[in-house]
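Asks: Output the structure for:
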Amino acid sequence: MTNAVATMGAWDGQQALPDDFVQLPYYIYANDPYWLGEDEASLRAQFSHLNPWFEHGQAWLGVIPQQARLAGFFQPTQRIDGESAAFFGFWESTNNLEANEQLFKGFSEWAREKGAKHIYGPINFTTFAANRLRTDSFEHGAFPSEPWNPPYYPTLLAKLGYQIRYRYLSTFSPLNDIIAAIGQDYLRVKPKLEQHFNLLAMTPEFWLANLPELYGFVDEVFGANFAYTPISFETFQAHCGESFALKFCPKTSVLATTKDSRIAGFFLVYPDYSPLMRISGEHSISAATINYAEHYRLLPKPRTALAKTGGVHPDFRAFGLFTAMSCELSFRARGHYEVMAGTLVREDNASLKFAARHGTARKHQYALYHAPITPTP
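Replies: Just a heads-up that it's a prediction; the model follows:
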């Protein structure tokens, strides 16, 4: 039974985030050796009026102390399949259906009043931030930014009337196995590709010096993705500025440029920093401060390279550049990592082909959920 009183309603970012909302994950994951923590300062900042999202977006917040929390998000201009939609996110809960029925009912009624026809989630504000739910392989823990939740979450959502809209996948394999499989073919075609493109190391220095161009590139490449929400350059700079750039691996991340120096594509690779970030560790390092220069050398073997964010400009997709960058980063990873992972790819995305073909040792699966909003009788 739910004995605690629920606090819920519209949220405009002017008030302080309730402590019960902030503290709940520490209760949920108290005995979880794999949990990487939640950045309290970042959480509070996201829900404050300083977040530019609130200039056009509207939010809802609900919490039942030590039982469940939920946030809801609505952008009046957001359309999915031509219909207005709201998102739920920042969901954490004990295995308590009644508490969740109370919160999701309150959120759904608010979203209906706003004109939303559908609800999707988990999505924390937008798909630029954390989204999706982990559905299996819980025994392997999580890498930074990978969905992580108790195993009972998918069952709770199903009981609440939510169904899977999209499935996603991460694949893992020994790096040597991938090199053995792709080596000869890639080395044969690489000279032909280099007649049109330069395959270079993506470095933090290049990233930061070219943020305006990368901002436009990201919009061109990822604009057709599910629930993509355009953001301002200032927001992009806040999300993808110096702290972001100092985390990816400059030895394995790949930049593809045309012969006239246009950005044709890039693929960012990160060390799996999770062994250094787990809250259960004696000296855990926060997501806000971890960086390649200081912390890569502290990683225990086997070290995992996470091929996370990659894309090719529409003008150059006929050249097979995504596969080429996947091969290139694998070669560049030799001597630095023992395991390669292709991460968080939607199951119907063409870019999954390389990861599915070569990432056969282990798989992690995720889902994004959907429920229609029942019209008022």
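
Asks: Leu214 and Leu344, how far apart?
Replies: 20 Å (CB to CB, to the nearest Å). All C-beta spots, glycine's among them, are computed from the backbone N, C-alpha and C.

Asks: Equivalent analysis for Leu24, please.
Replies: For Leu24, the distance to Leu344 - CB to CB - is 25 Å.

Asks: where exactly do the helices run in the stretch 101-250 of the chain?
Replies: For the stretch 101-250 of the chain, the helices defined by DSSP state H, counting those that start in this stretch cover 153-159, 175-193, 204-209, 211-222, 233-240, 242-245.

Asks: Need the ones you listed in JSON lines (columns: mean pLDDT, distance to Arg134 and mean neighbour count).
Replies: Output for those, formatted as JSON lines (pLDDT from 0 to 100; distance: least, CB to CB, whole Å; neighbours: other CB atoms under 10 Å):
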{"stretch": "helix 153-159", "mean pLDDT": "98", "distance to Arg134": "8", "mean neighbour count": "17"}
{"stretch": "helix 175-193", "mean pLDDT": "92", "distance to Arg134": "24", "mean neighbour count": "14"}
{"stretch": "helix 204-209", "mean pLDDT": "98", "distance to Arg134": "29", "mean neighbour count": "16"}
{"stretch": "helix 211-222", "mean pLDDT": "93", "distance to Arg134": "22", "mean neighbour count": "15"}
{"stretch": "helix 233-240", "mean pLDDT": "91", "distance to Arg134": "22", "mean neighbour count": "15"}
{"stretch": "helix 242-245", "mean pLDDT": "97", "distance to Arg134": "23", "mean neighbour count": "16"}
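
Asks: where does the spatially most central residue of the chain land on pLDDT?
Replies: Ranked by distance to the mean C-alpha position of the chain (CA atoms, centre = their mean), the top residue is Ala130 at 4.5 Å. Turning to Ala130, the model gives it a pLDDT of 93.

Asks: wait, isn't it in contact with Ala142?
Replies: No - using CB atoms under 8 Å, Ala130 is not in contact with Ala142, being 11.2 Å away.

Asks: So for Ser93, what's the nearest residue that isn't a sequence neighbour?
Replies: Using CB to CB, 6 or more residues apart in numbering and skipping the chain neighbours, the partner closest in space to Ser93 is Ala68 (4.0 Å).

Asks: Show the average pLDDT along stretch 96-112.
Replies: 98.

Asks: I should have written stretch 339-349 there, sorry.
Replies: Here the average pLDDT along stretch 339-349 is 92.

Asks: Over to stretch 42-53?
Replies: Computed over stretch 42-53, the average pLDDT equals 94.

Asks: what's the answer for stretch 74-82, then?
Replies: Across stretch 74-82, the per-residue pLDDT values average to 94.

Asks: So which residues make contact with it?
Replies: 56-60, 84-87, 111, 114-116, 118, 120, 226-227, 229 (CB atoms under 8 Å, 6 or more residues apart in numbering).

Asks: Tell me which residues touch the residue nearest to the centre of the chain, please.
Replies: Applying CB under 8 Å, 6+ apart to Ala130 gives the contacts Gly89, Pro122, Asn124, Ser145, Pro147.

Asks: Swap in 6 Å and give it another go.
Replies: Neighbouring residues of Ala130 by CB atoms under 6 Å, 6 or more residues apart in numbering: Asn124.

Asks: Select, out of the helices of the stretch 101-250 of the chain, the one closest to Thr257.
Replies: Using CB to CB as the measure, helix 204-209 is the one of the helices of the stretch 101-250 of the chain that comes nearest Thr257, at 9.7 Å.

Asks: can you tell me how far the residue nearest to the centre of the chain sits from Asn149?
Replies: Taking CB to CB, one finds Ala130 at 11 Å from Asn149.

Asks: if we can go back for a sec, out of the helices of the stretch 101-250 of the chain, which is closest to Phe47?
Replies: Nearest to Phe47 among these is helix 233-240 (15.1 Å), distances taken as CB to CB.

Asks: Helix 211-222 and that closest one, what's the angle between them?
Replies: Put simply, helix 233-240 runs at 90 degrees to helix 211-222, going by axes from the mean of the first three to the mean of the last three CA atoms, to 10 degrees.

Asks: All the strands of the stretch 1-150 of the chain, in order from the start?
Replies: Applying DSSP state E, counting those that start in this stretch to the stretch 1-150 of the chain gives strands spanning 7-11, 58-64, 68-80, 83-93, 118-121, 133-134.

Asks: Could you save the helices of the stretch 101-250 of the chain as a markdown table and add columns showing distance to Ala324?
Replies: Converted to a markdown table, those look like this (distance: least, CB to CB, whole Å):
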| stretch | distance to Ala324 |
| --- | --- |
| helix 153-159 | 36 |
| helix 175-193 | 5 |
| helix 204-209 | 19 |
| helix 211-222 | 16 |
| helix 233-240 | 24 |
| helix 242-245 | 23 |
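
Asks: I am finished for the moment; much appreciated.
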